[in-house]
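Visitor: Fold the stuff below for me.
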Amino acid sequence: MFGKDLISIADLTTQEVLEILHLAMRVKSDPDEYSDYLTGCTMAMIFEKPSLRTRVSFEAGMTQLGGHAIYLGPGDISLGKRESVPDIARTLDRMVDIIMARTFSHQSILTLAEYAEAPVINGLSDLLHPCQALADYLTVVEARDKMLSQTLDENVPAEELLERFKGLTLAFVGDGNNVAHSLMNGGAKLGVSVNVVCPEGYEPNPAIVAAANAAGRKTGAVMRVTHDVREGVGGAHVVYTDVWASMGQEKEAEERKKVFAPYQVNADLMALADKQALFLHCLPAHRGEEVTEEVIESDQSAVFDEAENRLHVQKSVILHLLTEELE
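Guide: From the prediction side, this is the model:
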């Protein structure tokens, strides 16, 4: 059982990351077993940014666990504007059992967690996207086992599950953003080396890179940042990309298209990776920009398995935060 909140994968131990993935596998395999675990529980979902996958996975997840979720969109709640973040946190704390927030500022997540006794889940901030990365690594281990004709048993011991990850390399191609940060945090815990392949001036936060490298010394994972596509993608087992301009960066979109054009994930780039390399994208995708139609619709692509796994991972995280006994 990890702490009361899920703010960053960096806050978790390797064992705790494995426990989240392990429970996600069990929930996915037998959802009916967990259908009444959270009867009577309520989640508040704060959204400063619109979302398909985050909203549906958390709302459906709570429903499927027997609980209820309340959507609080930008028109319902304005963090720090209509009301201060501490006051919002303390108000919700009196009414709900758990809070999920998808915000622009990472500080808003930290403040919610500071002032609310109820668990707080980081559904996305400008710095981190931990739930996405957890779903990504669940997708990686599922896809690798399928390629190797192995059976992914939801009852596999955590130590054996860890061995499925160790030695893999993931190449993240594009902006060194919140997704890249959380992939590095997760890779460090699981023994997956992460190469962030980006244009100059779009590197990930150096403090996060350094911290992930420090954590990776225990598992053999190494974090690298490079501007050279061949160096970063060569031999990688997973190739990952994201949109070139995220929400809040719309004014930079046209300039970013020019800067990132050499970093498009296309057939030539995929050919640099391992022959069985997996392609991932957190979605939504701008086909013809960061990724071609050919790649995203190829047999190597697992983007919709990845999207589905958001549901199972969210349910696992919620269960870990709200239940003391999972057996």
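Visitor: Next one: residue 322 from residue 100, what distance?
Guide: 12 Å (CB to CB, to the nearest Å). Every residue, glycine included, has its C-beta placed from N, CA and C.
Visitor: Would you mind telling me which of these two has more residues around it?
Guide: Neighbours around residue 322 and residue 100, counted as other CB atoms under 10 Å, are more numerous at residue 100. The numbers are 30 against 18.
Visitor: from the chain's centre, how far out does the helix or strand containing that one sit?
Guide: Per DSSP states H and E: residue 100 is located in strand 98-102. Distance of strand 98-102 from its chain centroid, counting by CA atoms, centre = their mean, to the nearest Å, is 15 Å.
Visitor: just stretch 22-33 next, same as before
Guide: 19 Å.
Visitor: Okay, domains of the protein per the record?
Guide: The chain resolves into domains spanning 9-128+310-322, 132-307 when parsed by automatic domain parsing.
Visitor: got these as CSV, with mean pLDDT columns?
Guide: CSV is the format used below for these (pLDDT from 0 to 100):
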stretch, mean pLDDT
domain 9-128+310-322, 96
domain 132-307, 93
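Visitor: could you dump those domains to JSON lines with distance to residue 3?
Guide: JSON lines is the format used below for the domains of the chain (distance: least, CB to CB, whole Å):
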{"stretch": "domain 9-128+310-322", "distance to residue 3": "7"}
{"stretch": "domain 132-307", "distance to residue 3": "15"}
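Visitor: Just the C-alphas of the lengthiest helix in the chain, formatted as CSV.
Guide: Assignment by DSSP state H gives helix 303-322 as the longest helix of the chain. Output of helix 303-322 as CSV, limited to C-alpha atoms (Å, rounded to 0.1, in the frame of the first residue of the first chain):
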residue,chain,number,x,y,z
VAL,A,303,-2.6,2.5,-29.1
PHE,A,304,-6.1,1.3,-28.4
ASP,A,305,-5.0,-1.5,-26.1
GLU,A,306,-3.0,1.3,-24.4
ALA,A,307,-6.2,3.5,-24.2
GLU,A,308,-8.2,0.6,-22.7
ASN,A,309,-5.5,0.0,-20.1
ARG,A,310,-6.1,3.4,-18.7
LEU,A,311,-9.4,2.0,-17.3
HIS,A,312,-7.8,-1.0,-15.6
VAL,A,313,-4.9,1.0,-14.2
GLN,A,314,-7.2,3.8,-12.8
LYS,A,315,-9.3,1.1,-11.1
SER,A,316,-6.2,-0.4,-9.6
VAL,A,317,-4.9,3.0,-8.3
ILE,A,318,-8.4,3.8,-6.8
LEU,A,319,-8.6,0.5,-5.1
HIS,A,320,-5.1,0.8,-3.6
LEU,A,321,-6.0,4.3,-2.3
LEU,A,322,-9.4,3.4,-0.9
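Visitor: So what angle separates the directions of it and strand 98-102?
Guide: 140 degrees (axes from the mean of the first three to the mean of the last three CA atoms, to 10 degrees).
Visitor: Would you map the helices across the stretch 51-200 of the chain?
Guide: Secondary structure of the stretch 51-200 of the chain (DSSP state H, counting those that start in this stretch): helices located at 53-64, 85-93, 106-115, 130-147, 158-165, 178-190.
Visitor: looking at those helices, which is buried most?
Guide: Of all these, helix 178-190 carries the top mean neighbour count, a mean of 28, counting by mean count of other CB atoms under 10 Å.
Visitor: Quick one: the strands in the stretch 201-327 of the chain, in order.
Guide: All strands of the stretch 201-327 of the chain, identified by DSSP state E, counting those that start in this stretch, fall at 223-226, 238-241, 278-281.
Visitor: out of the ones you listed, nearest to residue 63?
Guide: Of all those, strand 278-281 sits nearest to residue 63, with 26.5 Å by CB to CB.
Visitor: buried ones in stretch 250-269?
Guide: 256, 259, 260, 263, 264, 265, 269 (16 or more other CB atoms under 10 Å).
Visitor: go on, stretch 308-319?
Guide: Of the residues in stretch 308-319, those buried (16+ other CB under 10 Å) are 308, 309, 310, 311, 312, 313, 314, 315, 316, 317, 318, 319.
Visitor: Next, work out how far apart the residue most central in space within the chain and residue 309 are.
Guide: The geometric centre of the chain, computed from its C-alpha atoms, lies nearest to residue 132 (CA atoms, centre = their mean), at 1.6 Å. Separation of residue 132 from residue 309 (CB to CB): 10 Å.
Visitor: Many thanks, have a good one.
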